[in-house]
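Q: missing the sequence, but the structure's below:
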């Protein structure tokens, strides 16, 4: 059976590894997830900023008013 045919939900050696290795693996997965979320938010923020800069947001009715007094 191909390894691409079924999604691998867990590590087969999870029980063999010690608690330190499991903790490190959990931490790596958490850090990777947070980094991915931050990257997605950065891309979305850049797209939003460019939509204001290019006037696309104003064309669809979103106004950005910065009052500097």
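A: Cool, got the structure. Since this is a predicted model, take the numbers as computed values, not measurements. Numbering: from 1, shown residues only.
Q: where does the chain dip in pLDDT?
A: Low-confidence segments of the chain (pLDDT under 70): 1-9, 64-69.
Q: now the helices: where do they sit in it?
A: In the chain, helices defined by DSSP state H lie at 19-54, 56-59, listed in chain order.
Q: Kindly reformat those helices as a markdown table containing distance to residue 11.
A: C-beta here means a position set from N, CA and C on the backbone, and glycine is covered the same way. Formatted as a markdown table, these follow (distance: least, Cβ to Cβ, whole Å):
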| stretch | distance to residue 11 |
| --- | --- |
| helix 19-54 | 7 |
| helix 56-59 | 45 |
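Q: Nearest to residue 13, out of the ones you listed?
A: Residue 13 sits nearest to helix 19-54 of all these, at 8.8 Å, using Cβ to Cβ.
Q: Pull out the buried positions in the closest one.
A: Buried residues in helix 19-54, defined by neighbour count with 16 or more other Cβ atoms under 10 Å: residue 51.
Q: And that helix, what does it pack against?
A: Applying 3 or more Cβ pairs under 8 Å, 6 or more residues apart in numbering; DSSP states H and E, one finds that helix 19-54 makes contact with helix 56-59.
Q: Buried residues of the helix it packs on, list them for me.
A: residue 57.
Q: Relative to the whole chain's centre, how far out is it?
A: Averaged C-alpha coordinates place helix 56-59 at 26 Å from its chain's average position (Cα atoms, centre = their mean, to the nearest Å).
Q: ok, and what's touching that helix?
A: Here helix 56-59 makes contact (Cβ atoms under 8 Å, 6 or more residues apart in numbering) with 48, 50, 51, 52, 63, 64.
Q: Dump the residues you listed to JSON lines, plus distance to residue 32.
A: Shown next, in JSON lines, are the contacts of helix 56-59 (distance: Cβ to Cβ, whole Å):
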{"residue": "48", "distance to residue 32": "25"}
{"residue": "50", "distance to residue 32": "27"}
{"residue": "51", "distance to residue 32": "29"}
{"residue": "52", "distance to residue 32": "31"}
{"residue": "63", "distance to residue 32": "38"}
{"residue": "64", "distance to residue 32": "34"}
